[in-house]
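Q: Here's my sequence, what's the structure:
(2 chains)
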Amino acid sequence: MDAPLQTFTYNGQTVTARRGESLAAALTAAGIRTFRTTAKGAERGIFCGMGVCQDCLVEVDGKPNQRACMTKVNGPLVVSQEAHARPLPPAEANPSPRQAPAVERPDVLIIGAGPAGIAAAIEARRAGASVIVADERAKAGGQYYKQLDVKGSDVAPPDPQHAKGAQLIAEAVALGVEFRHDITIWGAFEGRQYAGSGPSGAVRFEPRAAIIATGAYERPWPVPGWTLPGVMTTGAAQTLWRTARRIPGKRVLIAGNGPLNLQLAAELVSGGCEVVAIAEAAASPSILEAGSLAQMLLSAPDLIRDGLAYQKVARKAGVGMHYKTVVRKIEQEGQALRVTLGPAVAKAGTASEETNYTVDAVCLGYGFEPANELLRGMGVDHAFDPVRRQLVTIRDDGGRTSLPGVYAAGDCTGLGGAKAALAEGAIVGAAAAADLGFGVDPLHLAASRRNLARHRRFQKALWSLYKFGGFDSGLIDSETLICRCEEVKFGDIEDALATDMRMIGAVKRQTRVGMGRCQGRYCGPVLDTLLAGRFGYERHDLSGFAPRVPVRPVAIADLAAEMPS
Amino acid sequence: MTRTGEVWRSEIAIVGGGILGSVLAGFLAEAGRQVTLIDSGETGGSTANAGSLHVQMQSRFMRLYPEHVPGMERQLPLYPRAVRFWREFERELGADFDLKVNGGLMVAESPDQLEFLKRKADRERELGLSVDILDRTDLDRLAPYLGPAVIGAEICHDEGKLNPLKCNRAIRDWLQRLGVTLLEGVRALSLEQNGAAYSGFTLHFPDGERLHAEKLVLAAGAGTGALAATLGLNLPTRAEPLHMNITEATAPMIGHLVQHADRMITLKQFSTGQIVIGGGWPADLRGPRAHPTVRLDSLTANTTLALHIAPSIAPLRVIRTWAGVNTSVDGKGVLGPSSRVPGLYYAVPGDAGYTLGPLSARLVADMMLNGDAGEDLDDYSPRRFTA
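A: Have a look, this model is predicted:
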């Protein structure tokens, strides 16, 4: 058995990590919060914690711009803080000749090993299809079922959510589903060719059918101070806890919309955090919501039971609950962060309604954006859903998209929650297999459909309970960054719009908004919403930034293949 | 632009708000003309150009279209002038285009390729370009980022680069200051000549609206041929969709515009520190609007070549690729009055249209304002086509 601890150096100092945890977790535990500095000299640390935002970049063993949240400590690494545009190390003296990438041709390729992906894999494989699941992480599970990376006597054991994930993964493996870990699928071409990169460079898949199950990432909350180190998404803090049993700081404030924030509060309390408050954007549940609650209790009693347990833990720990309250701004105060909470809707004279807390870390969980970039890049049709305020993938009840051979399941098609993703994945996996001529058990499929309907009812009731209008553009301050990567302020956007610019692409080229490493994931929906409101249109397929390959930054070494003739 | 009844009116209408059309609109407005600039996207310059200022003959075009070489040679003297004109234009606008004339390298990996470059350099020198042949020792000093496979290069001292995002922004501001009417996001569907005698043109838009203009300029790049066809004219513009890649930033390392004697590659670095990799690898035109779309084989080959030429960029990440459309006619630009229709002008630059854009705009503006540009531009006349 591996030793539970592993040392590495950070800026020349020795740091002791739990073997297998991410650099982000180990550095956080060592009290390090600033991972890189930007072009303008601003400090950045962990934000998304899931490989999307590109703010936790560090240099690892001479390789620039490595995501600390996606790099595991499995050996004695040499790590340093990343500065903007550092010189590159010298080229490898005798590089091995480049080979054509290996092409794998399974019946079904599934992209994303979260609940939807694993469930789809199990059903497609059970029907007899050969199935490969490619995932950019080192372990399957996605966000909801992410597995514990560390061991040790001081490490709290896996909980039932971990265990359920482990059981699903084991079931898939036992059926013969092949997992390809650490593989980033960065481009899909014409629905048939899927290009990726991994530890040994370029990879290609040419499946008969593909199921896209790439999940979601957290919605931005672009208020003053949202880029400060120590301000991270609820998901990032949860990843620290659920994968590495690390906490983001001693005193923590959690703000956002939805039940995940409550779960995080309970988890952090169990990890020894003082959670000073939860700021929930929606109103406090009242008797008026009795219908929603009853519906939820009927459709998913286990989730309600979990929710009540989280609430109990939070109440016992003395966590202050603020409803109809959002984070208005965050300021650096010495080593700490001063958070200002206020009403969710901007209106005059609200200063008297503001509350302040001084904390070590702030977690922002204002809902999710679907990670639909592969689908949109291929040209799969989407439509805007005004209720969820996001694009949803147009599909039939088998998950078939507008492109033949391309299926989609789970949160990347529009948010539905992990349990719905699980049920939906099973249906879509079966549909893909059936379309390829494999036999599917109709009774089993009918059960999955009932399951999905039940979880959709739950989710609908949940949304009704946590109803909230989204980011109020009245909270925007012209000095606040909309684009974290290129450090573009809302004021820069206003200046561009003042020159009669209307097209999002034109605003992008004028201001550089969305041109950075996160590829517009955070600023894109905010800007699209802003322009839609300003010019009176509803967001649609083509109103946001044009999707581009690669859907993640990819090293040239990992894009390159054999020399062209 | 004014409106009379159902029809918008403008003295001059320019279709195509790319680099040539935009700068031309500015020059005409500076001379007091009333100008409307129409583009299906945004005006102010190319939405896809990556900012190479080409001067030496591009080996890519010589290989692809050997029949164009005489035309390319005839147009060659225009290129160093065009780069100088860019600099003057930057000064005139009081803008910062991130324009650098650090020279351009065309690298060779074999004695054959070096021989080709030597012959090309001799010819280019005769035609007035400032070029030299460099050996590996020179390159170790001037361009240490080049990989071991490179044995020599041609350097063209007049070549450079700029950042089109900065240019486009400054140009659009300039057009707005000059009072040019910008019709953005509007696609001109067809053109109509008002009567046999010279009485202007009517442009038809999708919503049924019309624009009447006394003079009409077609500056729509690869779309020019289709528009000219609606007037019964024939100009063989060819769309050449191709793609580019851009990396995250690194410290300054590549000062030159880098190309290859025998392979499709351009490499350069912006002042942002980002490296732009292009070179004309083909893209597809997809969907109902023929949207340029990146191809996997092109992307792979392009980045593989870039790595081969500059091996230390291996760990640098590509953060975005995009595809745009280059316009090809016969190796030369099509500039000036139609030989068939009075009041109609063409403004289509030759290969490397962004480089040639502002200078070509000046020449067309002078032809429109003064009847001639003060020099013999017969080579670029639309007369060589039924246009």
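
Q: What is the three-state secondary structure of B:Thr321?
A: Classification of B:Thr321 using DSSP: H, G, I helix; E, B strand; the rest coil returns strand.

Q: same for the longest helix seen in chain A, what does it pack against?
A: Longest helix in chain A by number of residues (criterion: DSSP state H): helix A:442-465. Secondary-structure packing of helix A:442-465 (3 or more C-beta pairs under 8 Å, 6 or more residues apart in numbering or on different chains; DSSP states H and E): helix A:290-299, helix A:418-435. The C-beta positions use only the backbone N, C-alpha and C, and glycine is treated the same way.

Q: For the first one, buried residues please.
A: To tie it back to what came earlier, the one meant is helix A:290-299. Buried positions in helix A:290-299, judged by neighbour count with 16 or more other C-beta atoms under 10 Å in any protein chain shown: A:292-293, A:295-296, A:299.

Q: Kindly report the same for the longest one.
A: Within helix A:418-435, the residues that count as buried by 16+ other C-beta under 10 Å are A:418-435.

Q: mind showing which ranges of the stretch 251-400 of chain A have poor pLDDT?
A: A:287-288, A:348-350 (pLDDT under 70).

Q: Smallest gap between it and chain B, at which residue?
A: Residue nearest to chain B within the stretch 251-400 of chain A (C-beta to the nearest C-beta): A:Gly379, separated by 6.6 Å.

Q: Surely that residue touches A:Leu403?
A: Yes - the criterion here is C-beta atoms under 8 Å, and A:Gly379 meets it with A:Leu403 at 6.7 Å.

Q: Contacts only, for the residue nearest the centre of chain A.
A: Nearest residue to the geometric centre of chain A (C-alpha atoms, centre = their mean): A:Tyr217, 2.8 Å. By C-beta atoms under 8 Å, 6 or more residues apart in numbering or on different chains, the contact list for A:Tyr217 reads A:48, A:50, A:52, A:235, A:368-369, A:371, A:521.

Q: Reduced to three states, what does it come out as?
A: strand.

Q: which non-adjacent residue is nearest it?
A: Nearest residue to A:Tyr217 in three dimensions, chain neighbours excluded: A:Val52, at 4.7 Å (C-beta to C-beta, 6 or more residues apart in numbering or on different chains).

Q: hang on, B:Val348 packs against B:Leu227?
A: No - judged on C-beta under 8 Å, B:Val348 makes no contact with B:Leu227 at a distance of 10.9 Å.

Q: So which of these two has more stuff around it?
A: B:Val348 (33 against 22; other C-beta atoms under 10 Å in any protein chain shown).

Q: So, low pLDDT: which residues of the chain?
A: With no chain named, the answer covers chain A. For chain A, the stretches with pLDDT under 70 are A:1-2, A:191, A:287-288, A:348-350.

Q: if you could check chain B rather than the one you did, that'd help
A: Along chain B, the model assigns pLDDT under 70 to residues B:3-5, B:196-198.

Q: What is the distance between the lengthiest helix in it and the centre of its chain?
A: The longest helix of chain B (DSSP H) is helix B:353-370. Chain-centre distance of helix B:353-370: 12 Å, with C-alpha atoms, centre = their mean, to the nearest Å.

Q: count of neighbours near the single nearest residue of the stretch 401-550 of chain A relative to chain B?
A: Residue nearest to chain B within the stretch 401-550 of chain A: A:Ala506 (4.1 Å; C-beta to the nearest C-beta). By other C-beta under 10 Å, 24 other residues sit near A:Ala506.

Q: Just the element for it, please.
A: helix A:504-511 (DSSP states H and E).

Q: what's the answer for B:Glu90, then?
A: Going by DSSP H and E, B:Glu90 is in helix B:78-93.

Q: Look up how far A:Ala170 lies from the closest residue to B:Gly41 other than its chain neighbours.
A: Excluding the flanking residues, the one nearest B:Gly41 by C-beta to C-beta, 6+ apart is B:Thr47, at 5.7 Å. Using C-beta to C-beta, to the nearest Å, B:Thr47 is found at 50 Å from A:Ala170.

Q: For B:Val23, which residues are in contact?
A: B:89, B:171, B:357-358, B:361-362.

Q: what would the residues you listed look like in a markdown table with distance to chain A and neighbour count?
A: What follows is the contacts of B:Val23, written out as a markdown table (distance: C-beta to the nearest C-beta, whole Å; neighbours: other C-beta atoms under 10 Å in any protein chain shown):
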| residue | distance to chain A | neighbour count |
| --- | --- | --- |
| B:Phe89 | 19 | 24 |
| B:Ile171 | 12 | 26 |
| B:Gly357 | 16 | 29 |
| B:Pro358 | 18 | 29 |
| B:Ala361 | 20 | 28 |
| B:Arg362 | 24 | 19 |
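
Q: Could you identify the most distant pair in those residues?
A: Greatest spatial distance in those: B:Ile171 and B:Arg362, 13.7 Å, computed using C-beta to C-beta.

Q: just the residues of the stretch 451-565 of chain A that are near chain B, which are they?
A: A:499-503, A:505-506, A:509-510, A:512, A:515-517, A:519, A:548-550, A:553-557, A:559-564 (C-beta under 8 Å from any C-beta of the partner chain).

Q: Separate out the buried members of the residues you listed.
A: By neighbour count, with 16+ other C-beta under 10 Å, those hold A:501, A:503, A:505-506, A:509-510, A:512, A:515-517, A:519, A:548-550, A:553-557, A:559-561 as buried.
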